[in-house]
Each structure stands twice: as structure tokens, then as C-alpha cells.
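Trainee: Quick one, structure for this:
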Amino acid sequence: MSVLNILTAESSGLLRKKAEKVRSVNSSIITLLNDLTETLEAHQAVGLSAPQVGSSQRLIVVKNESSHLLLINPVISRSEGRQVSFEGCLSLPGLYGKVKRPENIVVRALNTKGKPYEMAASGRLACILCHEIDHLDGVLFTDKVLPSSLISVRRQAARRQDV
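Mentor: Numbering: from 1, shown residues only. You can find the predicted model right below:
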């Protein structure tokens with residue numbers, strides 16, 4: 001496993017492109033998911049998408065308590081309610097802001113064996129999943145930030161709150 005470099009919005013147009021659907025789950029996809037997990041942990045983040053490390057594939061990794069969710073081709077199939085989430089992003093270092101997100105969602109994806117499954121999420125986990133799935137569509141949290149809520153802070157002090 002490897003810690004991968006994080007692309008920033010200023011340095012890469014890839015973050016604004018829609019990621020490609022994964023056609024088959026193979027060893028290279030599993031390796032990339034493992035590398036995403038290691039990279040997420042190295043940055044003490046809670047979510048990471050393949051486009052953020054230079055791969056235009058529909059893959060995300062999300063930290064959920066003490067485990068990791070590895071999702072292939074995730075889509076939000078249902079959402080309800082509203083909440084405001086304070087978000088940041090490894091690809092937008094030092095920027096934070098409030099974003100309206102659904103309170104509850106259902107996500108469909110493939111697991112690491114290529115089998116489809118569905119999962120429900122609410123609260124903070126729903127926000128993280130929405131944030132990372134947005135990355136797969138070329139959407140950054142700053143596109144959805146509530147007016148006047150975007151702030152810039154020193155990177156070291158804010159590191160643990162990145163989504």
C-alpha cells in the first residue's frame with residue numbers, strides 16, 4: 001500500500017471532471033482502494049475519492065468509526081431531511097464552510113467483490129458520503145457553500161476536520 005499525493009483544485013482540472021464508472025472490480029481497483037485508505041489515514045481525514053489522487057474512477061473511501069467503507073460506483077438513491085455541515089477538503093487546503101446536506105441517505109454501490117449492495121446513512125456519515133460522491137461528479141464543497149460561511153484557516157490547526 002502507498003500514501004498517494006493529493007491533488008489540489010488549483011493544480012488539477014481532474015477534480016472538475018465526472019469520474020468514469022468502474023467496469024470490473026479487479027486487483028488494480030482493490031490496490032487503489034487500499035492506497036486511498038492508507039492516504040486517508042496518513043492525512044487523518046474522514047473521506048477521500050479517487051479523483052483527489054489523480055484517478056478518474058468512481059471510487060471512494062470513508063472512515064466510519066473504527067472501520068472504512070470502500071465504495072465502488074456509489075450513487076445516492078434516496079435522500080431526505082436537511083442538515084448543515086461544516087466541511088473542509090484535502091483538495092482545498094485551509095478552506096472551510098457550511099453546506100446544506102441531506103440528513104438521511106441511501107447509497108447503492110459495489111463492494112470489493114463486485115457485488116451490489118445498499119446502505120443507509122444519517123447525520124455526519126451522510127454528509128461525508130455526499131461530499132465524496134460529489135467529487136465523483138466534479139463538484140467541490142465550495143460550489144455548495146452557504147453564502148458568507150466560507151473561511152480560510154491555517155492548515156495545521158484545521159487538519160482533523162477535513163471531510
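
Trainee: what ranges do the helices span in this protein?
Mentor: 27-42, 123-136, 155-158 (DSSP state H).

Trainee: Which residues outside the second one are in contact with it?
Mentor: Among residues not part of helix 123-136, those counted as contacts by CB atoms under 8 Å, 6 or more residues apart in numbering are 15, 18-19, 46-52, 58, 60-64, 69, 71, 74-76, 79, 83, 85, 87, 89, 91, 99, 101-105, 107, 121, 140-141, 143-144, 163. (Glycine included, C-beta is placed from N, CA and C.)

Trainee: Only whichever of these are buried, select them in PyMOL.
Mentor: Listed next is the PyMOL selection for buried residues among the contacts of helix 123-136, using 16 or more other CB atoms under 10 Å:
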select buried, resi 15+19+46+47+48+49+50+51+52+58+60+61+62+63+69+71+74+76+79+85+87+89+91+99+101+102+105+107+121+140+141+144+163
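
Trainee: any weak-confidence spans in the chain?
Mentor: 154-163 (pLDDT under 70).

Trainee: max-length strand in it?
Mentor: The longest strand of the chain (DSSP state E) is strand 67-80.

Trainee: distance between stretch 53-71 and the chain's centre?
Mentor: Relative to the centre of its chain, stretch 53-71 is centred 7 Å away, using CA atoms, centre = their mean, to the nearest Å.

Trainee: Same check on stretch 38-49?
Mentor: Worked out by CA atoms, centre = their mean, stretch 38-49 lies 9 Å from the chain centre.

Trainee: For Glu87, see how far away the spatially most central residue of the chain is.
Mentor: The centroid of the chain falls nearest to Glu132 when counting by CA atoms, centre = their mean (2.2 Å). Distance check for Glu132 against Glu87: by CB to CB, to the nearest Å, it reads 11 Å.

Trainee: same deal with Ala126?
Mentor: 12 Å.

Trainee: Run through the residues that contact Val99.
Mentor: Contacts here follow CB under 8 Å, 6+ apart; on that basis Val99 touches 84-85, 87, 127, 131, 141, 144-146.
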